[in-house]
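Novice: sequence first, predicted model second:
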2 protein chains.
Amino acid sequence: MNDDISRRGLLGLGLAAAALPTLGRAQGDGVGFAVVGLGKLSLGQIVPGFAHCRSARLAALVSGHAENANRLAAEHKLPARSVYGYEDFDRIAADPRIEVVYIVLPNFLHAEYTIRALKAGKHVLCEKPMATSVGDAERMIAAAKAANRKLMIAYRCHYEPLNLYAMRKMRAGALGRPRLVVTNMGRQSDLSDPSDAWRLDLVKSGGGALTDMGIYGINGARYLLNEEPVEVRAWAQTDRRDPRFQTVEDMIAWEFRFPSGALSTGTTSFDQAGTMAWEVYGTSGKMNADPGCFYGGNRLVLGGMPGEREPKIVEIDQFAREMDWMADVVRGRAPMVSPGEEGLQDMRLMHAILESVARGGATVRTAWNYRRAVDPATAVPA
Amino acid sequence: MNDDISRRGLLGLGLAAAALPTLGRAQGDGVGFAVVGLGKLSLGQIVPGFAHCRSARLAALVSGHAENANRLAAEHKLPARSVYGYEDFDRIAADPRIEVVYIVLPNFLHAEYTIRALKAGKHVLCEKPMATSVGDAERMIAAAKAANRKLMIAYRCHYEPLNLYAMRKMRAGALGRPRLVVTNMGRQSDLSDPSDAWRLDLVKSGGGALTDMGIYGINGARYLLNEEPVEVRAWAQTDRRDPRFQTVEDMIAWEFRFPSGALSTGTTSFDQAGTMAWEVYGTSGKMNADPGCFYGGNRLVLGGMPGEREPKIVEIDQFAREMDWMADVVRGRAPMVSPGEEGLQDMRLMHAILESVARGGATVRTAWNYRRAVDPATAVPA
């Protein structure tokens, strides 16, 4: 594949660029990323993903574990000075190899490190949920505006072929008028696993399974329908005797009502077998994706439309595509599809869900009027 | 197949039995059924289903259209006196060829004809929903007790291989602890189709899509979990400008909470592509059936359990099995699995759903304590 060759070429240049940044950037035009936080997602998906990038390249690592970070840097042919600790994080301002800071920290640290990176003059790609409160999300957006830098939230599915295919089917009216989106996103959590321990802490995660898994369903219903909920109701089911659920809810079931009259029902749980499934029912057809939002192996079944059952979807490295998109946004080669405002809308909806739970399932009416500026279905190629 | 041979043999005897009832019953031990109401379901599924029965046989037809009924009777080699109109329905009391009356009328006529059949000394198999009100359902059960006759509700899925397989998996703990059942049952309705016109009338149907399609999800959640909801909440979405929805709701989304802590979310609609899908999520596995409750072509996918993805399910004539079960119950060869009480429980739950809708989604707590006497999972062979 030509892409593969040119990518390897860029990676070679990336190495040179680390030694000779100006030359490297001029030649390869690669956009240097600093990955902040070296947990499972960074080690398993994001850092390896750079090998499949066209525009983005790994330029720095930020971690509290210097030894691990140095070893990883050496594996990726990064010089020792490309490894940062949290105490000297702000030193990135002086590092021209870093143009984008990718925040992969526990949720409660997203706001602080996003704002510090923006103040250091860097663009930010931030994992979802973008924060643990609506206020923090608003401060992050304001900081990006003040710094005149890009803030993109890592909504992987906005750039993923199966979900893009489904969005385009929806926009084309292939299911008729949309009536219902059903989303179920959950998995087993493990309090003894450090990468889950903070997710089971309300302050650190912002909401347990809801903010870790449920957000895929919330965002999914919105991008599939391409409209925003006006009413929210939710119900929780949590066993407080389970040591995992001392501060966060376990299972939450919610309903959204959309202006068109479409409904969405969603559930999430941290005490169920892993699942990332969604279904759409329209007046004349249906789609079922199971898994629908995973890193790979997603599968779509179309029903109600004769002659078309399981479309062929090309698998890609979803993280590479997302990072390349951010790089292209920075270079002015691609529109911003998932800005901070998109992340803020999910923060508001998750807050509305928790408010409804706290109020015994009362209907919460959304008073804010978010409208997505750019539709992934039309902006992102298949 | 031996079954096939003996069934054909019985059918031959059935024909003789019509002419010589005493001889026929003694020889074949077939149980004669009168089918009341010759709409789509009777013509498309039930009457043809007798050809696949082992114990049940068609003995009479009851219809308001004498000409159609006579033609159908001739096709099935029934004598002219086996055709009844509604005006002379009670004459069935004197017809020993009829042991079971199968009520396939519009819902609002179920109670009246069930009670008349019971008073005529016949056993009754009644289509679901068993009635249009809780009170009627209770009167039907009381009438069966008073007459010392069997009243079975036609819960097809209690006798259907895919659903029985799924129930047994659940009882065996194959998914771990059950957490969530999601059901979606809907289709397009057509006001100009006489078989839909009464279903779109609140008085005649008892509740539109909810009582026609939603009942599969309500009953499904209960037989999959083998427990009964203690809390009910529901939300409707109905376009009153649509001429179909002048008296009934269109889409309803509900939530059930079960004593174990399991939840069920269900939806139904009369303005969506046809679907009869259910999913179960447990702590260690999941199952997805789509379609899960149709006459044929049902398909089950197991997830979260390595090595087992799509079990082989043998297709059967579901109506034949259900009618044979009723015949065997009458002969004392099989336990009653879906009695009137089972139908009454769904009537109460549908009423609770409509009450919650009317009260703006308020939680309705169930005050009755139904417990299924016989579990299909153990009583009905695969």
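Specialist: Cool, got the structure. Numbers count the residues shown, from 1 in each chain, chains lettered A, B, ... in the order given.
Novice: which residues sit in contact with the residue in the stretch 151-300 of chain A that chain B sits nearest to?
Specialist: Closest contact between the stretch 151-300 of chain A and chain B, by Cβ to the nearest Cβ, is at A:Ala273 (3.8 Å). Heads up, the C-betas are built off the backbone N, CA and C, glycines and all. Shown in contact with A:Ala273 (Cβ atoms under 8 Å, 6 or more residues apart in numbering or on different chains): A:186-188, B:175-176, B:281-286, B:303-304.
Novice: name the element it belongs to?
Specialist: Using DSSP states H and E, A:Ala273 falls within strand A:271-282.
Novice: give me the buried positions along stretch A:255-263.
Specialist: A:255-258, A:262-263 (16 or more other Cβ atoms under 10 Å in any protein chain shown).
Novice: circling back to that earlier point, sort out which one of the contacts of A:Ala273 lies nearest B:Val380 for me.
Specialist: Nearest to B:Val380 among the contacts of A:Ala273: B:Leu175, at 20.4 Å, using Cβ to Cβ.
Novice: which parts of the stretch 101-250 of chain A are helices?
Specialist: A:110-119, A:134-147, A:161-171, A:194-197, A:202-205, A:209, A:215-225 (DSSP state H, counting those that start in this stretch).
Novice: closest one to A:Pro48 among those helices?
Specialist: Once those are compared by Cβ to Cβ, helix A:194-197 is nearest, at 16.9 Å.
Novice: rewinding a little: and the pLDDT for the residue of the stretch 151-300 of chain A closest to chain B?
Specialist: pLDDT recorded at A:Ala273 is 95.
Novice: ok, A:Gly282 next?
Specialist: 97.
Novice: domain map for chain A?
Specialist: As assigned by automatic domain parsing, chain A contains the domains A:2-156, A:160-312+A:340-379.
Novice: that older thread, so which of the helices of the stretch 101-250 of chain A comes closest to B:Glu231?
Specialist: When the helices of the stretch 101-250 of chain A are compared (using Cβ to Cβ), the closest one is helix A:209, at 20.8 Å.
Novice: OK, contacts around A:Met213?
Specialist: Residues in contact with A:Met213 (Cβ under 8 Å, 6+ apart) are A:185-187, A:268-270, A:276.
Novice: ok so, going back, any chance of JSON lines for the domains of chain A, columns distance to B:Val134?
Specialist: Formatted as JSON lines, the domains of chain A follow (distance: least, Cβ to Cβ, whole Å):
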{"stretch": "domain A:2-156", "distance to B:Val134": "45"}
{"stretch": "domain A:160-312+A:340-379", "distance to B:Val134": "25"}
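Novice: comparing those domains by mean pLDDT, which bottoms out?
Specialist: Minimum mean pLDDT among these: domain A:2-156, a mean of 86.
Novice: just the helices in the stretch 251-382 of chain A please.
Specialist: Going by DSSP H, counting those that start in this stretch, the stretch 251-382 of chain A shows helices at A:318-330, A:340-358, A:376-379.
Novice: when you check chain B, which of the contacts of A:Met213 turn up near it?
Specialist: For chain B, the contacts drawn from those by Cβ under 8 Å from any Cβ of the partner chain are A:186, A:269.
Novice: among the contacts of A:Met213, which ones are in strands?
Specialist: If you go by DSSP state E, the contacts of A:Met213 have A:185-187, A:268-269, A:276 in strands.
Novice: tell me how far A:Val181 lies from B:Ser338.
Specialist: 33 Å (Cβ to Cβ, to the nearest Å).
Novice: neighbour count: these two, which is higher?
Specialist: Legend: neighbour count by other Cβ atoms under 10 Å in any protein chain shown for A:Val181 and B:Ser338, higher for B:Ser338 (29 against 26).
Novice: mind listing what that one touches?
Specialist: Neighbours of B:Ser338 in contact, by Cβ under 8 Å, 6+ apart: B:152-155, B:158, B:376.
Novice: let's go with 7 Å and repeat that
Specialist: B:152-153, B:155, B:158 (Cβ atoms under 7 Å, 6 or more residues apart in numbering or on different chains).
Novice: highest neighbour count among those?
Specialist: B:Ile153 (29 neighbours).
Novice: look at the closest residue in space to it that isn't next to it in sequence and say how many residues are nearby.
Specialist: With Cβ to Cβ, 6 or more residues apart in numbering or on different chains as the criterion, B:Ile153 has its nearest non-adjacent residue at 3.7 Å, and that residue is B:Gly343. Counted with other Cβ under 10 Å, residues neighbouring B:Gly343 total 27.
Novice: isn't B:Gly343 right up against B:Ala154?
Specialist: No. Applying Cβ atoms under 7 Å, one finds B:Gly343 not in contact with B:Ala154, separated by 9.0 Å.
Novice: how about residues contacting stretch A:359-376?
Specialist: A:158, A:164, A:167, A:223, A:226, A:228-235, A:335-337, A:341-342, A:345, A:348, A:352, A:355-356, B:233, B:361, B:363.
Novice: deepest of the helices of the stretch 101-250 of chain A, which one?
Specialist: helix A:209 (a mean of 29; mean count of other Cβ atoms under 10 Å in any protein chain shown).
Novice: show me what from chain A comes close to chain B.
Specialist: Proximity of chain A to chain B, by Cβ under 7 Å from any Cβ of the partner chain, involves residues A:179-180, A:182, A:184, A:186, A:233, A:235, A:237, A:239, A:251, A:253, A:255, A:257, A:261, A:263, A:265, A:267, A:269, A:271-275, A:281-286, A:288, A:290, A:304, A:361, A:363.
Novice: just the buried ones from these?
Specialist: A:179-180, A:182, A:184, A:186, A:233, A:235, A:237, A:251, A:253, A:255, A:257, A:263, A:265, A:267, A:269, A:271-275, A:281-286, A:288, A:290, A:304, A:361, A:363.
Novice: need the contact list for the closest residue to A:Ala146 other than its chain neighbours.
Specialist: Distance criterion Cβ to Cβ, 6+ apart; nearest residue to A:Ala146, sequence neighbours excluded, is A:Leu118 at 7.7 Å. The neighbours of A:Leu118, taking Cβ under 7 Å, 6+ apart as the test, are A:124, A:143-144, A:147, A:149.
Novice: and A:Leu118, how far is that from B:His158?
Specialist: In terms of Cβ to Cβ, A:Leu118 sits 61 Å off from B:His158.
Novice: pull the most distant pair out of the contacts of A:Met213.
Specialist: Farthest pair in these (Cβ to Cβ) is A:Phe270 and A:Met276. Separation: 13.7 Å.
Novice: comparing these two, which residue is more hemmed in?
Specialist: Between A:Phe270 and A:Met276, A:Phe270 has the larger neighbour count (other Cβ under 10 Å), namely 27 against 22.
Novice: that one reaches A:Ala209, doesn't it?
Specialist: Yes. Under the criterion of Cβ under 7 Å, A:Phe270 makes contact with A:Ala209 at 4.0 Å.
Novice: which neighbours do those two have in common?
Specialist: Joint contacts of A:Phe270 and A:Ala209 (Cβ under 7 Å, 6+ apart) are A:186, A:250.
Novice: number of nearby residues for A:Ala93?
Specialist: 14.
Novice: and it, how close does it get to chain B?
Specialist: A:Ala93 is 47 Å from chain B, where distance means Cβ to the nearest Cβ, to the nearest Å.
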